[in-house]
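Peer 1: Would you be able to build a 3D model of this:
(one chain, ligands or ions: 2)
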Amino acid sequence: MARNENCIIYAVVNQKGGVGKTTTAVNLATGFAAIGRRVLLIDADPQGNASTGLGVPPREREQSCYDVLLQECSLQEAVVKTRVPNLFLIPSVVGLAAIDVEMANMVDREFVLRDAINDGEDFYDFIIIDCPPSLGLLTVNAMAAATGLIVPLQCEFYSLEGLAHLLQTMELVQKNLNPGLELEGVLLTMYDRRNKLTEQVAAEVRDYLEDKVFQTIIPRNVRLSEAPSHGKPAIIYDYKCPGSQAYLHLAREILKRLAE
Ligand SMILES: Nc1ncnc2c1ncn2[C@@H]1O[C@H](COP(=O)(O)OP(=O)(O)OP(=O)(O)O)[C@@H](O)[C@H]1O
Ligand SMILES: [Mg+2]
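Peer 2: Ligands and ions are numbered 1, 2, ... in the order given. As a prediction, this is how the structure comes out:
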């Protein structure tokens, strides 16, 4: 089946750990689902944080992203419902950590996720892929499948070095695997107004990437970090907290851009 041309596929990527990828993937997915879009979140990180954060514990992960990548099941067979209406999940399992080795001899191994999505049902408005903190085969599969990249960036000095490397990787993927791939946007996360360096880095990123930086900024907010331990997206756990409101704002910003 041909891919649903209207389905937007975002890979949430940054090879640096702990910058807010999973928090962004889960809450942006929830934000889209909350306004009635059908959303599939693919947890492509062996850590399984998005799966846990959506209240799907390891024992409920029968089929997973691992089975999809080894072509042992179809995309739809691995999908589980979440407690959030309109939001579906392909969970991760720890075994995903060995996938680079297991796929080593597979032909066209960069395209397995893309092909699984193409064969999937014509069912979702958005597919969001939560990537691990590396530029290995899982992230390359996500980039090869995506229509756009969302890059959460913590406003720290070293973030900029990592960003340059990430953008080079994106260009390689564009050239060799996925010419349609675009940088949807860099998202400033864990923003702390009281910290001078934060503002400085944010200004530098905007200087460098201009309108490729989302207007929405995600503040540092403890409610965002509490929510996963309750197995809920922050937007469900505490709708009104500044972090949730920022992610809803981001969802609206993206929808507005797409409409233009
Ligand atoms: N805006 C925020 N304010 C406060 N805490 C946050 C915020 N965003 C994320 N966190 C917390 O920071 C930690 C790292 O966030 P998250 O797991 O989203 O990053 P990640 O990039 O997915 O990490 P990894 O690279 O390990 O997958 C988590 O404990 C999360 O709850
Ligand atoms: Mg993560």
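
Peer 1: What residues does residue 54 make contact with?
Peer 2: Contacts for residue 54 (Cβ atoms under 8 Å, 6 or more residues apart in numbering) come out as 26, 41, 82, 83, 84, 87, 89, 231, 232, 233. To be clear about C-beta, it is placed using only N, CA and C from the backbone, and glycine gets the same treatment.

Peer 1: The last one: neighbour count?
Peer 2: Residues within reach of residue 233, counting by other Cβ atoms under 10 Å, total 32.

Peer 1: after the lowest-mean-pLDDT helix or strand in the chain comes which helix or strand?
Peer 2: Lowest on mean pLDDT, DSSP states H and E among the helices and strands of the chain sits helix 196-209, with a mean of 90. Sequence order places strand 213-219 as the next helix or strand after helix 196-209, per DSSP states H and E.

Peer 1: Name the residues of that following strand that are buried.
Peer 2: For strand 213-219, a neighbour-count test (16 or more other Cβ atoms under 10 Å) marks 213, 214, 216, 217, 218, 219 as buried.

Peer 1: Pull the most distant pair out of those residues.
Peer 2: Farthest-apart pair in the buried residues of strand 213-219 is 213 and 219; separation 15.6 Å (Cβ to Cβ).

Peer 1: re earlier: mind picking the one among the buried residues of strand 213-219 that's closest to ligand 2?
Peer 2: Nearest to ligand 2 out of these is residue 218 (Cβ to the ion; 14.4 Å).

Peer 1: which ones are touching the closest residue to ligand 2 within the stretch 51-200 of the chain?
Peer 2: Relative to ligand 2, the nearest point of the stretch 51-200 of the chain is residue 130 (6.0 Å; Cβ to the ion). Taking Cβ under 8 Å, 6+ apart, we find residue 130 in contact with 12, 21, 22, 25, 26, 41, 42, 43, 44, 45, 49, 50.

Peer 1: ok, now how distant is the second one from residue 109?
Peer 2: The spacing between residue 21 and residue 109, counted by Cβ to Cβ, to the nearest Å, is 22 Å.

Peer 1: Which element, helix or strand, includes residue 247?
Peer 2: Counting by DSSP H and E, the element that carries residue 247 is helix 242-259.

Peer 1: Of all residues in the chain, which one is closest to ligand 2?
Peer 2: Per Cβ to the ion, residue 22 is where the chain lies closest to ligand 2, at 3.2 Å.

Peer 1: So that residue is in contact with residue 52, correct?
Peer 2: No: counting by Cβ atoms under 8 Å, residue 22 stays clear of residue 52, with 9.3 Å between them.

Peer 1: Looking only at neighbour counts, state which of these two leads.
Peer 2: Shown here are residue 22 and residue 52; by other Cβ under 10 Å, residue 22 has more neighbours (26 against 20).

Peer 1: Is that one in a helix, a strand, or coil?
Peer 2: State at residue 22, reduced to three classes by DSSP: H, G, I helix; E, B strand; the rest coil: helix.
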